[in-house]
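In: here's a sequence, model it:
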Amino acid sequence: MNLTAQPRRIDSPLSLLLVAAALIWLALIIGAPLATVFVEAASKGVSAFAESFKNPDTWAAIRLTLLVAAIAVPLNAAFGLAAAWSIAKFNFRGKSLLLTLIDLPLSMSPVISGLVWVLVFGARGWFGPMLEAGGVKIIFALPGILLGTILVTVPLVARELIPLMAEQGADEELAAVTLGAGGWTTLRRVTIPNVRWALLHGVLLCNARAMGEFGAVSVLSGHIRGLTNTLPLHVEALYNDYDFVGAFAAASLLAGLAIVTLIAKTLLERLGVSEHTRANEA
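Out: Residues are numbered from 1 along each chain as shown. You can find the predicted model right below:
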């Protein structure tokens, strides 16, 4: 007997009304602003749109954004995997504290996430004078931008993995260890394959947030054009300079990256569901 719950058909007038209201609301809140970005970017023609990307500061912002994401995302993926594995597979003192610390950036304003690093490494911070004497610059430089981005994105991978790992339990890992597998072998051949879709999903979310982060990076960057402005900050700078085509063109690039991330996320979810279904049938 098939006990799988089947979704109900939308056939009553009330259900249709609720669905229509939800679609209209999403169209107004998400669809209209997104469409406005692309319409304004192309408002003066394709040539003006392409010309806006010849600005050296725009390419510097793109390179910096990609560099920050390329460093922050793998670090958060490694931390998220290790943290989720520890929390889901073991019981230890301080487990609740670790969970709270992982969730803390989600409850803080991104501006506060940037400000804490200024208080630690700024010119008047705890370690700022010592670092300045040694010629090390963190705030208003790449290291500060990285720290702010890592802090605001650190929960995303871990929070994708913890529920799944907790549901799976530790039986397969224990069996692998009993058969003589080492820690790295167990991680590579048992743990990671079991959570690969959730891990990729978390990495996608982390990457999208890293490339689109504004608040923390705004505090830490110093807004130095061509040096410390990421793409979201560059959009603001262009808009404040009344370069609306350039601002919306850069914003359309960010929106395009968000759409690609959404498509990849949907595909991963379908692949994960299909694989889970095949495993249950087997």
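
In: quick one: the most centrally placed residue in the chain from Pro143, how far?
Out: Centroid-nearest residue in the chain: Cys206, 2.1 Å away (criterion: Cα atoms, centre = their mean). Plainly put, Cys206 is 19 Å away from Pro143 if you go by Cβ to Cβ, to the nearest Å. (Glycine included, C-beta is placed from N, CA and C.)

In: in this protein, which helix is the longest?
Out: Ranked by number of residues, the top helix in the chain under DSSP state H is helix 244-281.

In: list the buried residues in that one.
Out: Buried residues in helix 244-281, counted by 16 or more other Cβ atoms under 10 Å: 245-255, 257, 261, 264, 268, 272.

In: give me the helices and strands touching the helix or strand hosting Cys206, please.
Out: Under the criterion of DSSP states H and E, Cys206 resides in helix 192-212. Counting contacts by 3 or more Cβ pairs under 8 Å, 6 or more residues apart in numbering; DSSP states H and E, helix 192-212 packs against helix 56-89, helix 142-168, helix 244-281.

In: next structured bit after the shortest one?
Out: Downstream of helix 142-168, the first helix or strand assigned by DSSP H and E is helix 171-178.

In: how about low-confidence regions in the chain?
Out: Applying pLDDT under 70 to the chain flags the ranges 1-11, 272-282.

In: make it 50
Out: Residues of the chain meeting the criterion pLDDT under 50: 1-4.

In: pretty sure Leu253 contacts Ile62?
Out: Yes - contact criterion Cβ atoms under 8 Å: Leu253 and Ile62 qualify, at 7.4 Å.

In: so what's in contact with these two at the same time?
Out: Shared contacts of Leu253 and Ile62 (Cβ atoms under 8 Å, 6 or more residues apart in numbering): Leu231.

In: ok, now how distant is the residue nearest to the centre of the chain from Gly45?
Out: Going from Cys206 to Gly45 by Cβ to Cβ gives 36 Å.

In: repeat that for Ala237.
Out: Plainly put, Ala237 is 23 Å away from Gly45 if you go by Cβ to Cβ.

In: again with Ile87
Out: Applying Cβ to Cβ, the value for Ile87 to Gly45 is 53 Å.

In: ok, the two, which is more surrounded?
Out: Ile87 (20 against 10; other Cβ atoms under 10 Å).
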